[in-house]
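In: What follows is a predicted protein model with its sequence.
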Amino acid sequence: MASIVEVTALYDGDPDEIFQGALRFEELSEAMSGFAVYEGLPSEPAREGETYVVDVTFWGILKMRGHTMYVEKLDIPGRLLQSRENGNGIERWDHTLTVEPEDGKARWRDRIVIEAGWRTPFVTRFARYVYTYRHRRRAALELTREIRPARAGA
């Protein structure tokens with residue numbers, strides 16, 4: 001059964017600029033510095049319809065080869081990115097990233113639907129940790145984190 005991980009962060013900044021930063025793979029590498037290293041990320045920002053295949057090494061020892069990220073939808077004016085990801089025994093990692101204005105600040109929301117068979121509970125906790133780590137590295141003003149079961153069709 002699939003689970004949903006949702007991590008939201010509040011940032012002091014312009015929502016459009018923050019969203020543009022989220023599209024840069026260099027920004028992802030910086031946010032994960034000290035925890036994960038990505039091999040195979042392109043230098044250009046994410047683009048709709050593109051598939052990216054990367055290797056990720058966590059803690060300098062745990063290498064995950066062939067993680068596939070397909071950018072299904074990219075709505076720049078609406079500040080929305082949807083990707084379908086999988087690899088390494090993870091059947092489904094559907095990520096929706098949004099950035100919304102909120103009282104002169106920006107609310108960044110990561111919603112990830114995860115399905116990994118019997119490992120789903122472990123993978124969802126790991127995902128919550130990863131996205132929390134990223135937002136702490138980006139100096140979020142506030143953070144909320146949640147894991148919940150996905151309803152049918154989610």
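Out: Arrived safely, thanks for sending.

In: Determine whether the claim that Thr98 is in a strand is correct.
Out: Yes. The assignment for Thr98 is a strand, going by DSSP: H, G, I helix; E, B strand; the rest coil.

In: Check it and give its pLDDT.
Out: Thr98 carries a pLDDT score of 98 in this model.

In: roughly how far apart are it and Asp55?
Out: 28 Å (CB to CB, to the nearest Å). Backbone N, C-alpha and C define where each C-beta goes, glycine included.

In: So the two - more neighbours on which side?
Out: More crowded of Thr98 and Asp55, by other CB atoms under 10 Å: Thr98, with 19 against 15.

In: Report the beta-bridge partners for the more buried one.
Out: On the basis of DSSP bridges, Thr98 is bridged to Leu80, Arg109.

In: got a list of what it touches?
Out: Arg79, Leu80, Leu81, Trp108, Arg109, Arg111 (CB atoms under 8 Å, 6 or more residues apart in numbering).

In: From the residues you listed, pick the one nearest Tyr133.
Out: Comparing the contacts of Thr98 against Tyr133 with CB to CB picks out Trp108 as the nearest, at 14.0 Å.

In: thought the closest one was touching His135?
Out: Yes. The criterion here is CB atoms under 8 Å, and Trp108 meets it with His135 at 7.2 Å.

In: any common contacting residues for the two?
Out: What both Trp108 and His135 touch, as defined by CB under 8 Å, 6+ apart, is the set Ala9.

In: who's more crowded, the two?
Out: Legend: neighbour count by other CB under 10 Å for Trp108 and His135, higher for Trp108 (26 against 23).

In: which parts of the longest helix seen in the chain are buried?
Out: Taking DSSP state H as the criterion, the chain has its longest helix at helix 120-137. With burial defined by 16 or more other CB atoms under 10 Å, the residues of helix 120-137 counted as buried are Thr120, Val123, Thr124, Ala127, Arg128, Val130, Tyr131, Thr132, Tyr133, Arg134, His135.
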